[in-house]
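A.B. asks: Show me how the following folds:
(one chain, ligands or ions: 1)
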Amino acid sequence: MTAGATAGAATVSAAGPSELGIVVDRVARRFGAVQAVVDASMVAPMGQVTGLIGPNGSGKTTLMLMLASLLAPDQGSIRVAGHDPVADPASARRLLGWMPDQLGSWGSLSARTTLVQTGRLYGMHRLAAAHRAAELIHLVDLGELADRPSRVLSRGQKQRLSLARALVHDPAVLLLDEPASGLDPAARVALRRTVRRLAGEGRAVLVSSHVLAELDEMADSAVYLDRGVTADAARIAATRVSERAWRIRSADRHRLRDALFRAGVPWERIDADAGGLLVPIAGEDAAAALLTRLVGEGLAISAFAPAVGELEHTFLDLSGERMAAAPPAGAGGPGAPADPSPYAPPAPGAHPAPPQPGGPQ
Ligand SMILES: Nc1ncnc2c1ncn2[C@@H]1O[C@H](COP(=O)(O)OP(=O)(O)OP(=O)(O)O)[C@@H](O)[C@H]1O
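C.D. replies: This next block holds a predicted model:
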């Protein structure tokens, strides 16, 4: 995903409703005493993959069900390729493909029959439905299992059948709820390629997932749902300059530690893992300034990158669960003002003495 890309309400452009694929405006939905979706607004443009992210119980599936015309919102409006799934569900359903988190098909039907019957339900001729089923079986690589009852399929194989079923009528908008769950690594790579290709052909693809590293590689932008409310653009923009851990690698870790200390990073805030030293840095500008300084000191840096993906960082930041605490005021930590870099040199005696070689790395 491109750094910091988001698809909040504020990103609605002058594009027409069908170009936007999915448009959700101030939607709410309650189940008895539970307000599952409080205030959700978002867009998912055609030709792009949009991630839908949020903690357990934040309302993602409820929102997806409303988009799929399977649940009516209590208030607000939804447009799917320009159609209102409440007022005109038939038109919306013709244009959208829905992959739920559970397959939900008759176990006695084979994958092929499931796909053919789905095509028939969309009004396809028997031969056209059979042809389409064969195409999709090839696409999701279920050839050897196509004529066995779907109940014998593994969880991952059922996911692939579910994706194929969502694609039967060649929809312009795709709603995928946890599509990668149960897939092995090779199937995940294949899914990622398929999803990117489907978007590349002009579809709007909305993907809900807890596997944020997966989504990072798949999604052009993301919508964050927290306790039923979508995060607005300003909240998301703020996470871009909030602290996160960066991993820095150099052949000489001790020299690197010393250089980081001289750059104003307190000892106690430098962590380490097998990949290098972990340093909290607030924003890309601060990262660039630190890298420039380290290289300027003659250090050979072999890796310098965020230790967590963009989506995970934003998710954790919005959830208020960030690892690193803010540096104490005036401590010259990563968020400190530039002089000349964002890492102000520490005042003499401001930090404990550097640990001796052989200490924790
Ligand atoms: N049919 C229902 N009746 C009552 N409460 C419901 C119903 N469906 C969902 N909820 C409640 O609404 C809230 C949002 O649920 P939802 O399934 O949309 O969350 P989610 O973000 O998809 O969660 P997860 O990530 O765990 O799948 C939860 O508190 C859930 O218990």
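A.B. asks: residues from the stretch 251-361 of the chain in reach of the ligand?
C.D. replies: Within the stretch 251-361 of the chain, no position lies close to the ligand (Cβ under 6 Å from any ligand atom). For every residue, glycine as well, the C-beta is placed using N, CA and C.
A.B. asks: Dead centre of the protein: give me the residue that sits there.
C.D. replies: Leu215 (3.9 Å; Cα atoms, centre = their mean).
A.B. asks: next one: phi and psi at that one?
C.D. replies: The phi and psi values for Leu215, taken as degrees, to the nearest 10, are phi -70, psi -40.
A.B. asks: The stretch 201-350 of the chain: helices as residue ranges?
C.D. replies: 212-218, 233-240, 253-262, 283-296, 310-318 (DSSP state H, counting those that start in this stretch).
A.B. asks: Show me how the chain divides into domains.
C.D. replies: According to automatic domain parsing, the chain comprises the domains 9-236, 242-361.
A.B. asks: if you go through the protein in chain order, where are the strands?
C.D. replies: 22-31, 34-44, 49-53, 75-80, 96-99, 173-177, 204-208, 221-226, 229-230, 243-250, 271-273, 276-282, 301-306 (DSSP state E).
A.B. asks: Now do the longest one, average pLDDT.
C.D. replies: In this model, strand 34-44 carries a mean pLDDT of 96.
A.B. asks: Can you pull the phi/psi pair for Ser181?
C.D. replies: phi -70, psi 130.
A.B. asks: Kindly report the same for Ala87.
C.D. replies: phi -80, psi -30.
A.B. asks: In the stretch 251-361 of the chain, where is pLDDT below threshold?
C.D. replies: 321-361 (pLDDT under 70).
A.B. asks: switch the cut-off to 80
C.D. replies: For the stretch 251-361 of the chain, the stretches with pLDDT under 80 are 309-313, 315-361.
A.B. asks: For burial, what's the neighbour tally of the residue of it found nearest the ligand?
C.D. replies: At 11.9 Å from the ligand, Phe315 is the closest residue in the stretch 251-361 of the chain, using Cβ to the nearest ligand atom. By other Cβ atoms under 10 Å, the residues close to Phe315 number 24.
A.B. asks: Skip the chain neighbours and tell me the closest residue to it.
C.D. replies: Nearest-residue entry for Phe315: Ile53, 5.6 Å, with adjacent residues in sequence omitted and distances by Cβ to Cβ, 6 or more residues apart in numbering.
A.B. asks: Pull the contacting residues for the one you found.
C.D. replies: Going by Cβ atoms under 8 Å, 6 or more residues apart in numbering, Ile53 touches Lys60, Ser208, Ser209, Leu212, Leu215, Ala222, Val223, Tyr224, Leu225, Leu311, Phe315.
A.B. asks: Near the ligand, which residues of the stretch 1-150 of the chain are found?
C.D. replies: Phe31, Val34, Ala36, Gly54, Asn56, Gly57, Ser58, Gly59, Lys60, Thr61, Thr62.
A.B. asks: Could you rerun that using 8 Å?
C.D. replies: Residues of the stretch 1-150 of the chain lying near the ligand by Cβ under 8 Å from any ligand atom: 31-32, 34-37, 54-65, 101.
A.B. asks: What's opposite the residue nearest to Phe315 in the beta bridge?
C.D. replies: Tyr224 (DSSP bridges).
A.B. asks: Give me the pLDDT for it.
C.D. replies: For Ile53, the pLDDT comes out at 90.
A.B. asks: buried residues in stretch 239-256?
C.D. replies: Across stretch 239-256, burial judged by 16 or more other Cβ atoms under 10 Å covers Thr239, Arg240, Ser242, Glu243, Arg244, Ala245, Trp246, Arg247, Ile248, Arg249, Ser250, Leu256.
A.B. asks: of all these, which two lie farthest apart?
C.D. replies: Thr239 and Ser250 (28.1 Å; Cβ to Cβ).
A.B. asks: Could you give the number of residues near the residue lying closest to Leu291 once chain neighbours are set aside?
C.D. replies: Distances taken as Cβ to Cβ, 6+ apart put Phe304 closest to Leu291, at 5.2 Å, once the chain neighbours are dropped. By other Cβ under 10 Å, 19 other residues sit near Phe304.
A.B. asks: Alright, calling it a day.
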